[in-house]
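Asks: have a look at this prediction, sequence included:
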Amino acid sequence: MTLAADRVSRAADGRLILDGVGICPPPGAVTGLLGPNGSGKSTLLRVLCGVLAPASGVVTLDGRPLADLRRRDVARRVAVVEQQADTLVELTVADVVRLGRTPHRRAWAPLSGADERAVHDALERTGLADRADRTWHTLSGGERQRAQIARALAQEPRELLLDEPTNHLDLQHQHDLLHLVRELGVTSVVALHDLNLAAMYCDHVVVLRQGRVVVAGTPGEVLTEALIADVYGVRAAVTDPDADGRPHIRVLGTLTRERAAPAR
Amino acid sequence: MTTSLLRGAAGLGTLLLSVALAITIGPADIGVTDVWSVVAGHLGGDAHGLTPIRDGIVWNLRLPRTLLAAVCGAGLAVCGAVMQSLLRNPLADPFVLGVSSGASTGAVAVVVLGVGGGALSVSGGAFAGAVCSFAAMLLLSHTLGGTTDRVVLSGVAAMQLFSALTSFIVVTSADAETTRGVLFWLLGSLGGAGWNDVWICSAVLVLALAVCLGHAGTLDAFAFGQDTASTLGVDTTRARLVLLCATALLTAALVAAAGAIGFVGLVLPHAARALVGPGHRRLLPAAALGGAVFLVWIDTVARTVIEPQEVPVGVMTSLVGVPAFVLVLYRTRRSRR
C-alpha cells in the first residue's frame, strides 16, 4: 500500500472531471491509466501527486492524507513526468537532472555527495551520461523525455507518475522509454493512449471514462474486444499470440462509421 | 567551487575599484589617494589635510552618489533576474509589474499636486505609489486567476494605468518649470543622492538579496513551470508571494531614491546568465555585481559627458546599454554554434 486514491472527485467549470475515482497501484509494478481524451487521466495524475486538491475524497501516501503532508515531503516520495515539459532557460541535461534534488536540498546548502551520486546514477540509468553537458534546446523529443525521467529519478522516488510520456516520440523511443520505466522497479502510474503499449509494458491497467473507473485488472483481463468497443468506440480483434496474458490488439475500424455506413 | 569563489572575489574587486575610480572623475581634480584619505578620515582615522571643499566633494557629493549608483544597479538587476525566472518571461523586469510607474505617480502627486501638504517627501510619495500599484497588480492578478501570465498582464495593465495617471497630473497641473524637474526625475537621476538614500537602499538591498538567495533553489525549480516546481516540493503560491513582495519592496526603495532607471533590470540578468549560467546560486550574485559596476560607470558618463550639463542616468543606460547588450547577445550566439 503506497499511493492510493479513494473516491476522488474534482470539477472544472461546473463539469465533473473525476467522479468518485478509486485506484490503488500495486507496489513495484507498472500501472497503465487508459481511456479516451477527456476521460480524466491527466487530472487524476495531477490529483495523485498533490498539484491539484480533490474536491471530495482523499489521496493517501502510506495511509496518510496527502493534504496533511508538506509539499517537500511528498516530492521526496512521488516524482512526476509531465506530458511535454519545456523551458526557455538555457539548461544543460545535468542542470535539469539536478532539479530533481530540489526537495532534498536545504536553502543555502551546496550540492552534497549524496546529491551528486543521485544525479550521476539517474544519468547512467537513463543512458544520458555521455550527454550531460548538452543543452536542453539541442535535445530530440526522446532525449528530452529521458532527461525528464532522469530528473524524476534524481528525486529518488518510490512512486513515479508519467502523463502520456510516449506522445511525440517515434516508435523506437516509445518502446525504449516504457522498457526503461519497467526496469526501474518503482511503483509507476503511466497514462497511455496506445493499448498495445499498455498490454506490453503494464502489469495492471485502469480504464477511465468520463471521470469514472470502468474496469481495472491485468491487461489480459481488461483489454477485451467488448471493452474496447464500449470505451473507445472501435471494433478490434484481440488475440494472445504468446499466451502470456499480454494481448495483442488489432483495430478494425470505428463503430460509428460502420453504423453510419449502409448495410450491404 | 573554488573557481566560483575566485570569480566572485574578482567581481567584488572590480566593483570596489570602479567605485574608487568613478569618484576621481569629474570637474574637480581628485585622485584615488585623496578618496582613500577622505574615507579613512571620516571613518575615524587621521586628519587628511585636504580642503573642506574637496572633502565635501568626495564625502557629500561623489561618494554617496557613486555608492547609490552601485546599490541601484545591483538591486534592479537582482529584481529583474528574479522576476524573469519566477514569471518565466524574459521581458519581465521591475517596470513590467508596474512598480516603477506607481512610484512615479506617487512622486508626481507630491511634487505637482502637493499631496501630503509638505509632510510627505518625494521619496515618501514614490514609495507609497509603488506599494499602491503593486497591491493593485496583486489584487487584479488574483481576481484573474493568479497564473504567471495573468501576473504579467496585470502588471502591464497597472503600468499603463499609472503612467497615464502620471501624464495626466503633469499635463493638467504642472507649469513648465515643474514639468522639467519632474521629467528629469521620471527618467531616473542619481543627482540628488545623499547618505540617507544610500543607507535605506543598502539595507533593503541586503534584506531582499538574502531572501532571494535563500530561494535560489526554488527559482531554479520554476524553469519548467509552476506545476513542475510544485512536484519538486515547492510551495509555489507562497514562494511567488514572498519573492514578488521582496522585489517590489526593493524596487520601491530604489525608485524612490533615484527615479525610474530603465534597462538595468531587463538586460543585466541576461548578460549575467550568458556569463555564469542559469543557476540562481551564482546568477543572483553575478547579476548584482554586474548591475552595480554597470550603473557606476553609466552614471559617471552621464554626469561628465556634456559638462556642466547632466544627462539623466536612465537615458544613458539605454544609450550605452543597448549596443553593449546587442554585442553580448551576438557573441553568445556565435559561441553557441
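Replies: Good, I have the coordinates.
Asks: shouldn't residue A:10 be within a strand?
Replies: Yes. Residue A:10: assigned to a strand according to DSSP: H, G, I helix; E, B strand; the rest coil.
Asks: hang on, it packs against residue A:42?
Replies: No. Applying C-beta atoms under 8 Å, one finds residue A:10 not in contact with residue A:42, separated by 11.3 Å. C-beta: built from backbone N, CA, C; applies to glycine.
Asks: quick one, which of these two is more surrounded?
Replies: Using other C-beta atoms under 10 Å in any protein chain shown as the criterion, residue A:10 and residue A:42 rank with residue A:10 on top: 21 against 18.
Asks: and the gap between that one and chain B?
Replies: From residue A:10 across to chain B, the span is 15 Å (C-beta to the nearest C-beta, to the nearest Å).
Asks: next, give phi and psi for the closest residue to that residue other than its chain neighbours.
Replies: Nearest residue to residue A:10, sequence neighbours excluded (C-beta to C-beta, 6 or more residues apart in numbering or on different chains): residue A:18, at 4.5 Å. Main-chain dihedrals, residue A:18, degrees, to the nearest 10: phi -120, psi 130.
Asks: which strand or helix spans the closest residue to chain A within the stretch 201-337 of chain B?
Replies: Proximity to chain A, evaluated over the stretch 201-337 of chain B using C-beta to the nearest C-beta, is greatest for residue B:233 at 3.1 Å. Under DSSP states H and E, no helix or strand contains residue B:233.
Asks: hmm, it is touching residue A:78, no?
Replies: No. With contact defined as C-beta under 8 Å, residue B:233 does not reach residue A:78; the gap is 9.8 Å.
Asks: so which helix or strand takes in the residue nearest the centre of chain B?
Replies: In chain B, the residue lying closest to the centroid (C-alpha atoms, centre = their mean) is residue B:76, at 2.8 Å. Secondary structure from DSSP H and E places residue B:76 in helix B:63-86.
Asks: what of residue A:160?
Replies: Applying DSSP H and E, one finds residue A:160 within strand A:159-163.
Asks: show me what that strand is packed against.
Replies: On a contact count with 3 or more C-beta pairs under 8 Å, 6 or more residues apart in numbering or on different chains; DSSP states H and E, strand A:159-163 meets helix A:41-48, strand A:78-81, helix A:171-184, strand A:187-191.
Asks: convert it to CSV, retaining C-alpha atoms only.
Replies: Taking Å, rounded to 0.1, in the frame of the first residue of the first chain, the C-alpha atoms of strand A:159-163 are listed here in CSV:
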residue,chain,number,x,y,z
GLU,A,159,6.3,6.4,-6.8
LEU,A,160,6.6,7.7,-10.4
LEU,A,161,3.7,9.3,-12.3
LEU,A,162,4.0,9.7,-16.1
ASP,A,163,1.5,11.6,-18.2
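Asks: now the angle from it to helix A:41-48?
Replies: 150 degrees (axes from the mean of the first three to the mean of the last three C-alpha atoms, to 10 degrees).
Asks: can you list the residues of chain A near chain B?
Replies: Selection of chain A residues close to chain B by C-beta under 8 Å from any C-beta of the partner chain yields A:46, A:49-51, A:70-76, A:78-80, A:82, A:85-91, A:95-96, A:99-100, A:102-103, A:105, A:107-108, A:110, A:155.
Asks: please redo it, this time with the cut-off set to 7 Å
Replies: Residues of chain A lying close to chain B by C-beta under 7 Å from any C-beta of the partner chain are A:49, A:51, A:71-72, A:74-75, A:79-80, A:82, A:85, A:87-91, A:95, A:99, A:102-103, A:105, A:107-108.
Asks: among the residues you listed, which ones are in helices?
Replies: Per DSSP state H, helices hold the following members of the residues of chain A next to chain B: A:71-72, A:74-75, A:95, A:99.
Asks: get me the contact residues on the stretch 151-300 of chain B for chain A.
Replies: B:214, B:217, B:220-221, B:223-224, B:227-228, B:230-235, B:278-279.
Asks: who are the neighbours in contact with residue A:204?
Replies: Neighbouring residues of residue A:204 by C-beta atoms under 7 Å, 6 or more residues apart in numbering or on different chains: A:25-26, A:29, A:31, A:218.
Asks: in three-state terms, label the nearest residue to it once chain neighbours are set aside for me.
Replies: Distances taken as C-beta to C-beta, 6+ apart put residue A:31 closest to residue A:204, at 4.6 Å, once the chain neighbours are dropped. Here residue A:31 is strand, with the state taken from three-state DSSP.
Asks: correct me, but residue A:31 touches residue A:25?
Replies: Yes. With contact defined as C-beta atoms under 7 Å, residue A:31 reaches residue A:25; the gap is 4.1 Å.
Asks: who touches both of the two?
Replies: Residues touching both residue A:31 and residue A:25 by C-beta under 7 Å, 6+ apart: A:189, A:204.
Asks: neighbour count: the two, which is higher?
Replies: Between residue A:31 and residue A:25, counting by other C-beta under 10 Å, residue A:25 is the more crowded of the two (26 against 21).
Asks: before we move on, back to that, so the residue of the stretch 201-337 of chain B closest to chain A touches residue A:104, yeah?
Replies: No. Residue B:233 lies out of contact with residue A:104 (C-beta under 7 Å); the separation is 8.6 Å.
Asks: for the two, indicate the residue with more neighbours.
Replies: Ranked by neighbour count (other C-beta under 10 Å), residue B:233 and residue A:104 place residue B:233 first, with 24 against 19.
Asks: so how far is residue A:119 from the more buried one?
Replies: 16 Å (C-beta to C-beta, to the nearest Å).
Asks: next: residue B:69.
Replies: Applying C-beta to C-beta to residue B:69 and residue A:119 gives a distance of 41 Å.
Asks: what about those two, which has more around it?
Replies: Neighbour count, other C-beta under 10 Å: between residue B:69 and residue A:119, residue B:69 has more, with 31 against 24.
Asks: these two touch, right, that one and residue B:294?
Replies: No. Using C-beta under 7 Å, residue B:69 is not in contact with residue B:294; the gap is 9.2 Å.
Asks: host element of the residue nearest to residue B:14 when sequence neighbours are not counted?
Replies: Of all residues not flanking residue B:14 in the chain, residue B:293 sits nearest, at 5.8 Å (C-beta to C-beta, 6+ apart). Assigned by DSSP H and E, residue B:293 belongs to helix B:280-304.
Asks: just checking, what packs against that helix?
Replies: helix B:2-24, helix B:63-86, helix B:195-214, helix B:216-221, helix B:264-276, helix B:313-336 (3 or more C-beta pairs under 7 Å, 6 or more residues apart in numbering or on different chains; DSSP states H and E).
Asks: columns mean pLDDT on top of the ones you listed, output as TSV?
Replies: Below are the helices and strands packed on helix B:280-304 laid out as TSV (pLDDT from 0 to 100):
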stretch	mean pLDDT
helix B:2-24	89
helix B:63-86	95
helix B:195-214	95
helix B:216-221	95
helix B:264-276	89
helix B:313-336	73
